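A.B. asks: Sequence first, then the predicted structure, then my questions.
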Amino acid sequence: MNPQKETATERRCYSACTRKRPPRLNLLFSSVQPFYFVTFITHNRLPLLARREIHDEYRAFCVRAYERYDVAVGRYVVMLDHVHLFVAFPQQGITLSKWMQSLRSVLGKELLRVGFQKPHWQEGFFDHVLRSAESYSEKWEYVRMNPVRAGLCQRPEEWPYQGEIVRLQY
């Protein structure tokens, strides 16, 4: 990375990827599998995602990730232009960044198959470490109401592009 030409986003990403965890988080993560709240977005917020084929491919990817790598995707909502999900990773193995790269690659291939040309994804993704069951519940309540707030359904349980792969518990 050339420091003279890097963008603010590149500086933030580089900084986030290279810094070490504060000591208090090392203690937490040595005994508990961290849960992440993750959001990723389509390029230019194009409404590409809320369709059966994409949802089916997403679920299949998450099931394979659990079976092969112990990556546990909990609750999730696939919206028109973004996905919210909760995920936990094993202490050793695949990283969140690598897993997200794989997920977006698989979904991108399915988007191509159904007729959507690249680019599909906004650069990067948002992730937040959840530190308590209360945090998980609060975030899930917000996420599950997204389709209602967007006017896509009357009640959250009516939205067909949501679910839970593995029950995550604190």
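C.D. replies: Happy to help now that I have it. Numbers count the residues shown, from 1 in each chain.

A.B. asks: all contacts plus neighbour counts: C-alpha atoms, from now on.
C.D. replies: OK.

A.B. asks: Keeping just the C-alphas, turn the host helix or strand of residue 128 into CSV.
C.D. replies: Assigned by DSSP states H and E, residue 128 falls within strand 126-130. Extracted in CSV, the C-alpha atoms of strand 126-130 (Å, rounded to 0.1, in the frame of the first residue of the first chain):
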residue,chain,number,x,y,z
PHE,A,126,-19.7,-3.7,8.6
ASP,A,127,-19.0,-5.9,11.6
HIS,A,128,-19.5,-5.5,15.3
VAL,A,129,-18.5,-7.8,18.1
LEU,A,130,-21.5,-8.6,20.4
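
A.B. asks: which neighbours does it have in its sheet, and in what orientation?
C.D. replies: Paired strands of strand 126-130, with direction, are strand 35-41 (antiparallel) (DSSP bridges).

A.B. asks: Could I get the buried residue list for the helix or strand following the strand it pairs with?
C.D. replies: Counting by DSSP H and E, the next helix or strand C-terminal to strand 35-41 is helix 52-69. When burial is assessed from 16 or more other C-alpha atoms under 10 Å, helix 52-69 yields the following buried residues: 54-55, 57-59, 61-63, 65-66.

A.B. asks: ditto for stretch 35-48
C.D. replies: 35-43, 48.

A.B. asks: Would you mind putting the CA coordinates of that stretch into CSV?
C.D. replies: Provided in CSV are the C-alpha atoms of stretch 35-48 (Å, rounded to 0.1, in the frame of the first residue of the first chain):
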residue,chain,number,x,y,z
PHE,A,35,-20.4,-13.4,18.0
TYR,A,36,-20.4,-10.8,15.2
PHE,A,37,-23.2,-8.7,13.8
VAL,A,38,-22.4,-8.3,10.1
THR,A,39,-23.9,-6.2,7.4
PHE,A,40,-22.9,-6.3,3.7
ILE,A,41,-24.4,-4.2,0.9
THR,A,42,-24.8,-4.4,-2.8
HIS,A,43,-22.9,-2.1,-5.2
ASN,A,44,-24.8,1.2,-5.4
ARG,A,45,-27.5,-0.4,-3.2
LEU,A,46,-29.0,-2.2,-6.2
PRO,A,47,-32.0,-4.3,-5.2
LEU,A,48,-30.5,-7.7,-6.2
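
A.B. asks: Can you name the residues in contact with that stretch?
C.D. replies: If you take C-alpha atoms under 8 Å, 6 or more residues apart in numbering as the criterion, stretch 35-48 is touched by 80-89, 111, 116, 119-131, 139.
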